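1. My questions concern the predicted model and sequence given below.
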Amino acid sequence: MTAPTAARSGASSGGPPSREGTGRVLPYPVTGQEIVLIAVIAALWAVLALTTPAFMTSGSIVPLLVATAPIGMIGIGVTVVIVTGGIDVSVGGAVAVVSVVVARSLVEASIPLPLALLLAVVLGGVLGAVNGLLIAFGRVHAIIITFGTANLFRFVALQVFGGTTVNGIPDTLGVLGRGGAGRTLGIPHSFVITVVIAAAAWYYLRHTAGGRHFYVIGGDAHAARLAGVAVLRRILMAYVLTGLLTGLGACMLLAQGTSTLAPNVGLGLELTVIAAVVIGGTSIMGGRGGVLGTLLGALLVQTVASGVTQLGWPSQLSPLFIGVFILIAVGTDLLRQRTRRTS
Amino acid sequence: MSAVLAPPGSSGDARGHESSPARLLRVLLTQRSALLLLLLVAVLITFTIASSNNYLTAPYDVGYLSVTLINAVPLVMLGLAELLVITSGRGGIDLSVGAIVSLTSMVFGFAYGQWGWNLWLAVLAAAVFGGLCGAINGVLIAYVGYPALITTLATYYAFSSLALVINDQKPISTAPIQDFYSTARAVPVPLLGDDALRVPLGIVTFLVPTAVLVWLLLARSPYGRRLYAIGTNDVAARWAGIDVRGTRFTAYVLAGVVSGLVAVVTVAQFASARPDAGVSGNGMALPAITIAILGGVAITGGVGRVAGVVLATLLIVWLNAGILLAFPGNAGGQFQLLALGLVLVFAALLNGYTNRRYRGEA
Amino acid sequence: MSLTGISKRYGAVQAIKHADISVDAGSIHALVGENGAGKSTLIKILSGAEVADTGQITFDGSPAKISATNDAMALGIATVYQEPQLFADLTVAENVFTGREITRRGRVDWGEQNRRVVELLELIGLPARYATRTVSQLSIAEQQQVSIAKALGGEAKVLILDEPSAILTDPEIEVLFDVVRRLASSGVSIIYISHRLDELFQIAQVVTVMRDGETIAALPIAELTVRRVVELMVGGVPDEAPPPDSALDEPPRLVLEGLGSEDAFHDVDLAVRPGEVVSLYGLIGSGAGEIAECVYGMRAATSGRIVLDGEVRSPRSPRDAKRAGVALLPANRKAQGLFSFQSIAFNISAGHLPLLSRLGVWIDRSRERTIAKDLIARLAVKTPDERTVVSAMSGGNAQKVVLARQLVERPPILVLNEPTQGVDVGAKEEIHRIIGSLAQEGTAVLVVTSDLPEAIRISDRLQVVRAGTTTVEFGRGASQVDVLAAAAGAVDEEVAA
């Protein structure tokens, strides 16, 4: 069982020693970036556990996981979008639309939980489809279209708000919240749901032809079309998927909030999500990355936010650290690509 | 090589015998300024008619239009900053301009409001400090090779965080800063001799000089040529002996300097150096990018003019001003979002169509 | 498979007048011809990228119609282009099966794909463990082999290889040949395109020669020699009278002594005097283009030295080269030369901004206009005025604009890399005339070209670059047959004879 191969070391190079042709048929499921992220998060947790006794208690960990869930959830969709070479800066606006529609439906029509979730997902999907259709068939760069739709979505949301907050939202979505109803055996449901959907997305992206095509498109859309990949349909799908997951993420955010919903909901959320995706190792140029990293990126972002407050530092410091983490994450990726190219 | 060659002169002559409606369409689609001017006139006429028929809550007249120009000052200036970096190509964009405004506001607040610096020295310090922030972006993007979108996202976080932390989230509104408000007031334009016509001073002191300088830089200076060259084709620029990295770096520094000056303007407008001046609400970066794209700046680089950015800003500001009168209260602000979003998506789709039709891009 | 009576016209250009080619199953058929003879067009028709105007295609004894790339693929015709078209971040296995994944209950059957890829890799001589490598980890040669595997993955019956050897080193070419022979013996028909004629004798069974859009001969290799093939390619074109000798009796302005750069080229010796036109003639991949890049500071020299005007000086960057008096016309007009949606004046002045500005802050626009107008007139650029946008111009006119940029400061040393690539006949004529008159004015001109008639026509001296170094030198009025034979690798003695 030796590996006499001249395998150049690389995050995703050949598998473990095996009889030729019968062993590993895919690169490792976990990339270098993800291992580094796990180590960084573990180190941060260890430091926080040592310095602040309150950190390793469920009173601190549960809110951290609950806060990670919607970022991770929406991040799964945005990861797919970025892998295809696109971007979506309208998720904040989409969250606002979904939140206010669901909140008002809960208040005024007292709709039950399943209906609320269905409403959120369908509405999110429609908003995603608007983006996807404009980008795929209008042949305009995604960042421009989603800047535009971000404004439009926010307009729609404010129209539904009608110039005031939505008050007295019932606790129908509590099962996704951070209260007792949102936990089973102490584990928050929202985090579990995000992990399950991330696992499904991971399987889809890694093991189905359709999932692989997202990467092919991000690598070289023209060559992908020549190889017979349905490029436009895939791009549309990526934005619709983001919309669906944004709908679900909005429900989680709604459940985590108070009984009042303010019109500024979701403001700046798109940047937090993109930060999580990029820290997770997905290349903004497309063609590379994965949802596992995004989930870890979201966890890291929330760990930083939580850690800063736990340490008694001003909470406004956490964006500074997030910024630094983004630069380090992208920098190591650049370095890795450069050494791989020159070796 | 068996190259596909058009018969000599065919492509050049094709425009000679096109019908005049077709020609008008081509000018409107390819000359963004012409289209914006047309839309601007349409907006002005629509609201003037609405105003004379008393559909609006207040008269939509020259006096009103000139007062609302105060909103144009930061928008035009940051739109010009985005013009510089987007034109530099390679996915150039700057999400951090709003955060630079916030941070520089605080620096200016300290210098002028607390340390008692001379005003000019403080303004200079703001410009230099903004330039330094831009230089951080520039080094990472032009020399290290970071993608611009991600770099400026990271510095957006870092700068806005520092701005909040630096004075413990408290704004600076000492006496000199409050007096500084006077520079943001509207001044009568004497040459028309009409009391109603008052133009915000910021237009004269900041907007016009910045616009003129950026125009000179882009249209008349060697630097402008280099910037368009690297934005159009940075490989060819390298073969032509142009310092591609230095030119791109400078674009980000200049965007930082302009943001620093915008910080001074916003301090004057609020009579206070606010730590969230450039990032509150939707922030300043997104509207600035929107304005630049609407003004005809191609996201792929190498294309964009000062006139387009200025006209796009006037269009948005005066459209918004009319909307505010047509839909009183909160609704006005909401319809502004609608207008901005629709205009941007419309402009983007138009760009795509124009490129396919007139530039032969697939 | 056979094609008969194929013709194809692009606008005014008759790319193929009449082509017949017939390939037996399991044979290796070489297709040769000079640049512009119509080889690429014929390949495009075969692979479905273009549709022929006339002619019939017969496949396996029955008539076939190829009107799209999918038709060609369905017939089992696969093409491997010179540059591998692969996805760098995906594994070899994934690349081979992109767009036609093997799935089982919705899931990609990695085991099955891998098994098939390992078979293909064995067939082309790559180790099985490469199946799970990402393409970016492979060398160019390995990537090309993967491209072949990819083409074969679609059960190809006919495999077209378009200059596969151009980017490979000699040992890599040996491997390629093994692969090609093995494929042929398993029944795949191969159409092999190459500029390196010596290769044909190692690998091909039949050679079809194209000239001026016609297939003029299809002969078994046993009846041919390199010299005979060259004569067929060049045809009965009379060698033209040499240009007037304008070389001045002065010390050389540009001297390369034992110059080398990594793997690209080595031991290059060359001298260009004022008023002299020296050509480096080499086939694609010979290293000639890289020599030009090195003189212009775009590529670092790793051995030897460059002497400019008697001074040892290796330019570190294009700006440095320009200061030393070297101007260069890049080979790839679109990628390296043109600022496409800018005006002619912009394109001409782009490299000369310090010269055209007052105090370094202000473009002297009237001077810019004058210079642009002057060069437009001198180079006979067809345009209404200097404000016209270059993207609307024909290849020849655009090339003149890029050339004009090099002439603004009247450089003492002018390097022209493929000066007439993709240019129509009239413009080519004019560019040759311009090169001649520049030499008359005392410029030292170094031309790098893969266009043989051009090299012979314009140069006072012509050096053949082969396998990364200068080999044989010819004087004025050399014969095309001799030069091509030298470049294509016929033994040197034969040439010297």
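-> The structure has been received and is ready for your questions.
2. Which neighbouring elements make contact with the helix or strand where residue B:164 lies?
-> Residue B:164 is part of helix B:148-166, with elements assigned from DSSP states H and E. Under the contact definition 3 or more CB pairs under 8 Å, 6 or more residues apart in numbering or on different chains; DSSP states H and E, helix B:148-166 sits against helix A:269-279, helix A:318-342, helix B:97-108, helix B:119-138. (Glycine included, C-beta is placed from N, CA and C.)
3. Deepest in the core, which of those helices is it.
-> Ranked by mean neighbour count under mean count of other CB atoms under 10 Å in any protein chain shown, those are led by helix B:97-108, which reaches a mean of 31.
4. Is chain A within reach of that one?
-> No - using CB under 8 Å from any CB of the partner chain, helix B:97-108 stays clear of chain A, with a minimum separation of 9.1 Å.
5. One more: stretch B:283-295?
-> Yes - for stretch B:283-295, a contact with chain A is found by CB under 8 Å from any CB, at B:283, B:286, B:289-290, B:293.
6. Now, those residues that are in strands?
-> With strands identified by DSSP state E, none of the entries of those belong to them.
7. from these, which two are the most distant?
-> In the residues of stretch B:283-295 next to chain A, the most distant members under the criterion CB to CB are B:283 and B:293, with 16.0 Å between them.
8. Those two: who's more crowded?
-> Each of residue B:283 and residue B:293 has its neighbours counted (other CB atoms under 10 Å in any protein chain shown); residue B:293 has more, 30 against 22.
9. Is the more buried one in contact with residue B:299, as I believe?
-> Yes - here residue B:293 lies in contact with residue B:299, judged by CB atoms under 8 Å, at a distance of 6.6 Å.
10. Pull up the overlap in contacts between those two.
-> Residues touching both residue B:293 and residue B:299 comprise A:144, B:86, with contact defined as CB atoms under 8 Å, 6 or more residues apart in numbering or on different chains.
11. Tell me who's in contact with residue C:324.
-> C:308-309, C:313, C:315.
12. returning to that earlier point: next, the buried residues of the helix holding residue B:164.
-> Within helix B:148-166, the residues that qualify as buried are B:148-166, counting by 16 or more other CB atoms under 10 Å in any protein chain shown.
13. before we move on, what about stretch A:207-218?
-> Of the residues in stretch A:207-218, A:207, A:209-218 count as buried by neighbour count, 16+ other CB under 10 Å.
14. mean confidence for it?
-> The average of the pLDDT scores along stretch A:207-218 is 91.
15. That one near chain C at all?
-> Yes - for stretch A:207-218, a contact with chain C is found by CB under 8 Å from any CB, at A:207-209, A:212, A:215-216.
16. again with stretch A:283-300
-> Yes - in this structure, stretch A:283-300 sits against chain C according to CB under 8 Å from any CB; the contacting residues are A:287-288.
17. Is there proximity between that stretch and chain B?
-> Yes - if you take CB under 8 Å from any CB as the test, stretch A:283-300 does meet chain B, through A:284-285.
18. and that stretch, how far apart are its ends?
-> With CA to CA, to the nearest Å as the measure, the ends of stretch A:283-300 fall 18 Å from one another.
19. bridging residues for residue C:58?
-> Residues in a beta bridge with residue C:58, per DSSP bridges, are residue C:2, residue C:63.
20. returning to what we had before: looking at the residues of stretch B:283-295 next to chain A, spot the one nearest chain C.
-> Distance from chain C was checked for each of the residues of stretch B:283-295 next to chain A by CB to the nearest CB. The minimum falls on residue B:293, at 17.0 Å.
21. contacting residues for the closest one?
-> Taking CB under 8 Å, 6+ apart as the criterion, residue B:293 is in contact with A:144, A:147, B:86, B:299, B:344, B:347-348.
22. all strands of the stretch 1-150 of chain B, in order?
-> In chain order, the stretch 1-150 of chain B shows no strands, with DSSP state E, counting those that start in this stretch as the criterion.
23. Report the separation between the closest residue to chain A within it and residue A:320.
-> Nearest residue of the stretch 1-150 of chain B to chain A (CB to the nearest CB) works out as residue B:147 at 4.9 Å. Separation of residue B:147 from residue A:320 (CB to CB, to the nearest Å): 20 Å.
24. for residue C:343, same thing?
-> Separation of residue C:343 from residue A:320 (CB to CB) stands at 46 Å.
25. contacting residues for residue C:464?
-> Applying CB under 8 Å, 6+ apart as the definition, the contact partners of residue C:464 turn out to be C:281-282, C:470-474, C:483, C:486-487.
26. Would you list the phi and psi of it?
-> For residue C:464, the backbone dihedrals are phi -90, psi 130 (criterion: degrees, to the nearest 10).
27. which one of the buried residues of stretch A:207-218 is nearest chain B?
-> Distance ranking of these against chain B, using CB to the nearest CB, places residue A:218 first at 13.7 Å.
28. My read is that that closest one contacts residue A:284, right?
-> No - in this structure residue A:218 lies outside contact range of residue A:284 using CB under 8 Å: 10.2 Å.
29. what touches both of the two?
-> residue A:82.
30. Can you list the low-confidence ranges for the chain?
-> Chain wasn't specified; assuming chain A. In the predicted model, chain A carries pLDDT under 70 at residues A:1-29, A:340-343.
31. The chain in question should be chain C.
-> Along chain C, segments meeting pLDDT under 70 span C:10-13, C:35-36, C:83-84, C:167, C:236-247, C:284, C:490-497.
32. and the stretch 101-250 of chain A, which of its residues are near chain C?
-> Taking CB under 8 Å from any CB as the measure of proximity, the stretch 101-250 of chain A contacts chain C at A:207-209, A:212, A:215-216, A:219-220, A:223-224, A:226-229.
33. okay, the residues you listed in TSV with secondary structure next?
-> Supplementary listing: these in TSV, determined by DSSP: H, G, I helix; E, B strand; the rest coil:
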residue	secondary structure
A:207	helix
A:208	coil
A:209	helix
A:212	helix
A:215	helix
A:216	helix
A:219	helix
A:220	coil
A:223	helix
A:224	helix
A:226	helix
A:227	coil
A:228	coil
A:229	coil
